[in-house]
Every structure is written in C-alpha cells, then in structure tokens.
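3D model of this:
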Amino acid sequence: MTSGQRIEISHAFFKRYVSSSNSLWDFITRFEWALSCIRHNELQLDHVDVHEKSSLKTSMVMEETMSEVYTRTIFFKFQDELFEWSRYMVKLSVEDEHELKYSVRRINDDGCRVCEVLVEKASNRITCSCKMFEIDGIPCRYVLTYFHRTDIFEMPAQFILQRWMKSCQAKRVANVGVSFHVGAALLSRRHFLF
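Numbering: from 1, shown residues only. From the prediction side, this is the model:
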C-alpha cells in the first residue's frame, strides 16, 4: 500500500464522521464514535468467524482444514484460488542438486501467463514467481496446483500466516489499558468496549 493510498483511506474514514465545521468537542465525540463503530464491526466479524461455518466448493481436505483455520474473509480469497487449480498444469522445467523449478500454466491456453514455482530441496521452501503469497499472505493458484499434482493435501505451515488465523483475530481486545480474553461470546462482551 502506498502512502497516497493510506492518506485516501484515512481521509475517507474521517470524512464520514468529522467535518471542518466541528468544534474540538464535536471532533473528539465523533472520533470516539467512529472508533466504537470500527470495534463493533470487528467484533461482529469475529463472531461470524467463530460461530458460522463457511460453505465449501470442493471436497478437498485442504479446503475443509483451511475453512477452520482462516478467518472468513481470507478463506473466501483462498477458496477462489483453490477452485482454480484444476485449470492449470504443472511441468518440471529445471532440476539440479539445490532446487526444482516447475512451470505452471493454464491448460489449453498457449498465450497465457506462465508462472514458475521454485522448490528448494534443502529447506523444502516453496515460492512462486507471481509473489501473491508475499503480497497478500495467501498461497496462489500456481502453488496450489503444484500441491495437488505432487499429492500435498495438507497446507504446509509456511503458508499459514498467523495474522489470518481465527485464533489470532479473536485472542485479545484492548481498550484504554483494559484487556480481556475474547472467547465464544464475543458480542456479549461488547459492552466492555463502549
């Protein structure tokens, strides 16, 4: 995210709650209201993550496992990538003593983008030339295609970032020096935040 994008996001946030005609007291009151709305929305999302099951598109073990691990929003992004694996093919292009390089491209589409999945033999580290995991934090369709074609049915730990896990999202909520554990009854504890 660029600094210009950050400024635009901040401006859009403040624009909804604050105007130039507000007094200092109005600004403080509206700003606190805005933060309360954000906290409430986060708690609602946490509640949905904990209490509602995501619908599965396939019968793959990896999809079912990740629906229990990822937050709902991230799971849907992951699911879109997972659903695409069947449209791609994997071909070993280079092998030496240190690494394996696979070319992954769309089936029956010669003019499409070809991505390379690199597997380091010593560390078993897997990277893709599209850099989706490095940017978004979820594995791309090319890596998922490689997993399927090489019979890897469980997500390797390197591809599960803690920030996208349900357990991380619902662990702690802090407010003005007060912290408490948020468990199953997220919305019932909402009154502590306001």
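
how near is residue 2 to residue 77?
Counting by Cβ to Cβ, to the nearest Å, the separation of residue 2 from residue 77 is 21 Å. No exception for glycine: its C-beta is placed from N, CA and C like everyone else's.

What number of residues are in the vicinity of the residue nearest to residue 159 when sequence neighbours are not counted?
Distances taken as Cβ to Cβ, 6 or more residues apart in numbering place residue 139 nearest to residue 159, at 4.7 Å, with adjacent residues excluded. Neighbour count for residue 139, taken as other Cβ atoms under 10 Å: 24.

go on, residue 62?
Neighbours around residue 62, by other Cβ under 10 Å: 19.

so it makes contact with residue 155?
Yes: counting by Cβ atoms under 8 Å, residue 62 does reach residue 155; the two are 5.7 Å apart.

Low-confidence bits of the chain, can you list those?
Within the chain, the stretches with pLDDT under 70 are 1, 169-194.

What strand or helix carries the spatially most central residue of the chain?
The chain has residue 74 as the residue nearest its centroid, 3.6 Å off, counting by Cα atoms, centre = their mean. For residue 74, the enclosing helix or strand under DSSP states H and E is helix 72-83.

Surely the residue nearest to the centre of the chain is in contact with residue 164?
Yes: look at residue 74 against residue 164 with Cβ under 8 Å: they come within range, at 4.3 Å.

got the residue ranges for the strands in the protein?
Per DSSP state E, the chain has strands spanning 88-95, 99-106, 115-120, 126-128, 172-175, 178-181. These are given in chain order.

possible to save the ones you listed as CSV with distance to residue 9 and mean neighbour count?
Shown next, in CSV, are the strands of the chain (distance: least, Cβ to Cβ, whole Å; neighbours: other Cβ atoms under 10 Å):
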stretch, distance to residue 9, mean neighbour count
strand 88-95, 34, 14
strand 99-106, 34, 18
strand 115-120, 30, 18
strand 126-128, 28, 20
strand 172-175, 22, 13
strand 178-181, 26, 10
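
what residues does stretch 127-137 touch?
Stretch 127-137 has contacts (Cβ atoms under 8 Å, 6 or more residues apart in numbering) with 74, 77, 81, 104, 115-118, 138-140, 142-143, 159, 161, 163-164.

mind checking how far residue 21 is from residue 28?
15 Å.

Can you get me the centre-to-centre distance for the longest helix seen in the chain and its chain?
Scanning the chain for the longest helix, with DSSP state H as the assignment, gives helix 24-51. Relative to the chain's own centre, helix 24-51 is displaced by 21 Å; criterion: Cα atoms, centre = their mean, to the nearest Å.

Tell me the spacing between residue 148 and residue 40.
Residue 148 is 40 Å from residue 40, by Cβ to Cβ.

Appreciated, that's everything.
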